[in-house]
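1. Sequence and predicted structure are below.
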2 protein chains.
Amino acid sequence: MPIIPHALPDLCNLVGHVAAILTTVAFVPQAFKSWQTRDLSGVSLPMYSFFTVGVVMWLIYGVMLDSWPIIIANAITIVLAGVVLVLKVIHR
Amino acid sequence: MPIIPHALPDLCNLVGHVAAILTTVAFVPQAFKSWQTRDLSGVSLPMYSFFTVGVVMWLIYGVMLDSWPIIIANAITIVLAGVVLVLKVIHR
């Protein structure tokens, strides 16, 4: 059965890319909603504090590995999570 | 200068592990706040829908790579993001 082992790295990369796109794109509607409504009441400040620092660490990790997919995905997420974090600090 | 190239993979792993812990642990205060207050007004339903599906994809990616750190981090995040998603669906 040579087809499955041959196709597995491609499938694995595809799953990883779709996963990265989904968990990055997810923050677009949250940043948009927070920006438009300025309703941050249910949003957790500690969450966005830990998360933004964590994503900065992922960006550093990507730079260390010289991995452009990790760098780009996390650079976008920093901006989006950063918008929510700043709005939460202003409107808490 | 053998010290820096020798130490780099360890430092890289450390940064990656801290990043993974932070972006996982971040969802604890959000899930706790949402559970306690049932205030989900500022939380975006599309965000948690995309994010939870994305984290499931990350879990599948971890299983395909047989990577326990990816599996464990994402299994925890599925539970935490899943709690927020279910509460948002109930209390929207």
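-> Sure, I can see it.
2. Now do the helices in chain A.
-> Assigned by DSSP state H, chain A shows helices spanning A:3-25, A:27-37, A:45-65, A:68-90.
3. which one of those helices lies closest to residue B:34?
-> When the helices of chain A are ranked by distance to residue B:34, counting by Cβ to Cβ, first place goes to helix A:45-65 at 9.8 Å. (Glycine included, C-beta is placed from N, CA and C.)
4. in that closest one, what counts as buried?
-> Within helix A:45-65, the residues scored as buried using 16 or more other Cβ atoms under 10 Å in any protein chain shown are A:45, A:47-62, A:64.
5. which residues touch that helix?
-> Contacts with helix A:45-65, where a contact means Cβ atoms under 8 Å, 6 or more residues apart in numbering or on different chains, come from A:68-71, A:74-75, A:77-78, A:81-82, A:84-85, A:88-89, A:92, B:8, B:11-12, B:15-16, B:18-23, B:25-30, B:33.
6. and residue A:17, how many neighbours does it have?
-> Other residues within reach of residue A:17 by the criterion other Cβ atoms under 10 Å in any protein chain shown amount to 14.
7. So it is in contact with residue A:72, correct?
-> No: taking contact to mean Cβ atoms under 8 Å, the distance of 11.4 Å between residue A:17 and residue A:72 leaves them out of contact.
8. Just the buried ones from the contacts of helix A:45-65?
-> Buried positions within those, assessed by neighbour count (16+ other Cβ under 10 Å), are A:70-71, A:74, A:77-78, A:81-82, A:84-85, A:88, B:15-16, B:18-23, B:25-27, B:29-30, B:33.
9. quick one, phi/psi of the closest residue to residue A:38 other than its chain neighbours?
-> Spatial nearest neighbour of residue A:38, chain neighbours left out: residue A:91 (5.4 Å); criterion: Cβ to Cβ, 6 or more residues apart in numbering or on different chains. Recorded main-chain torsions at residue A:91 are phi -110, psi 20, according to degrees, to the nearest 10.
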